[in-house]
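Colleague: need a 3D model of the following:
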Amino acid sequence: MIQAIRYARENNVPFLGICLGMQMACIEFARDVCGLEDCNSAEVDANCKNNIIDLMADQADVEDMGGTQRLGLYPCKLKQGTRTAAAYDNQDVIQERHRHRYEFNNDYLAAFEGAGMQAVGINPDTGLVEVVEVEGHPWFVGTQYHPEYKSTVLSPSPLFVAFVKAALAYAEKK
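Modeller: Model prediction:
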C-alpha cells in the first residue's frame, strides 16, 4: 500500500484513500517527505516512536472491542478552495459516517502542513483531522470517514464523482 501511494503522489496519479487508505497516505508522507522513517500507526506498532496514526483518546480505556468504535454521522468543516470542498459544492460543513478507533495524531499536524499535506477537513467539535490533501497534486485526497456509507447508485458521493472525473482527466492526458 505504501509503495502504491508513494507512486500516486510522486507521479500525479489521482488518489483517494478512505479510512485506512488515508492513514497509510499519512504514514507514507511522513516517512518520505517529513523524514520520519520510523513512523507508523499505533494499530500496527504500539511501540512505535512516532505514531502518526494513534488511538483516539476516548478509546484508550475500551476493553470490549465490539461496537465501541467511533461510529455514526459526524460533522466535517471543509477548507474552502480545496478539491474536497469543490467536490461538495463548496459547502462549509458536511456530514459523513465513520467506523474506526484510530485517527491522525494532531501532534504532527504542523509538520505535515509545513511539508505540503494539508488538513482540509476538520471535525469542528473535536479538532480531529477528517480530510487531507497534498498541495500541488492534481487530485490526492484522503478521508478518515467513509463516503461509501451514504453513497447510492442514484446519489453517489460527491467525492467519488470528483475522483472519477480526475481519473478520467488523467487517462485522457496519457
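
Colleague: got a pLDDT number for A60?
Modeller: Predicted confidence (pLDDT) for A60: 49.

Colleague: try D92
Modeller: D92 is assigned 97 on the pLDDT scale.

Colleague: in contact with it, which residues?
Modeller: D92 sits next to K77, L78, Q80 when contact means C-beta atoms under 8 Å, 6 or more residues apart in numbering. C-beta: built from backbone N, CA, C; applies to glycine.

Colleague: may I see the PyMOL selection of the buried members of the residues you listed?
Modeller: In PyMOL syntax, the buried subset of the contacts of D92 is picked out as below (16 or more other C-beta atoms under 10 Å):
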select buried, resi 77+78
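
Colleague: distance to A115, pLDDT and secondary structure added to the contacts of D92, as CSV?
Modeller: Output for the contacts of D92, formatted as CSV (distance: C-beta to C-beta, whole Å; pLDDT from 0 to 100; DSSP: H, G, I helix; E, B strand; the rest coil):
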residue, distance to A115, pLDDT, secondary structure
K77, 22, 98, strand
L78, 21, 98, strand
Q80, 22, 98, coil
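
Colleague: and which of the contacts of D92 is nearest to G142?
Modeller: Using C-beta to C-beta, L78 is the member of the contacts of D92 that lies nearest G142, at 13.9 Å.

Colleague: helix or strand for the closest residue to the closest one other than its chain neighbours, which one?
Modeller: Closest residue in space to L78, ignoring its immediate chain neighbours: A85 at 4.3 Å, by C-beta to C-beta, 6 or more residues apart in numbering. In this structure, A85 sits in helix 83-87 according to DSSP states H and E.

Colleague: for stretch 126-134, which positions count as buried?
Modeller: T126, L128, V129, E130, V131, V132, E133, V134.

Colleague: buried stuff in the helix holding A85?
Modeller: R83, T84, A85, A87.

Colleague: try stretch 152-159
Modeller: Buried residues in stretch 152-159, defined by neighbour count with 16+ other C-beta under 10 Å: S157, P158, L159.

Colleague: go on, stretch 11-21?
Modeller: Neighbour counts using 16+ other C-beta under 10 Å place V13, P14, F15, L16, G17, I18, C19, L20, G21 of stretch 11-21 among the buried residues.

Colleague: now render the residues you listed as TSV, adding distance to K173 and pLDDT.
Modeller: Output for these, formatted as TSV (distance: C-beta to C-beta, whole Å; pLDDT from 0 to 100):
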residue	distance to K173	pLDDT
V13	11	98
P14	11	98
F15	16	98
L16	18	98
G17	22	98
I18	25	96
C19	29	90
L20	29	92
G21	24	96
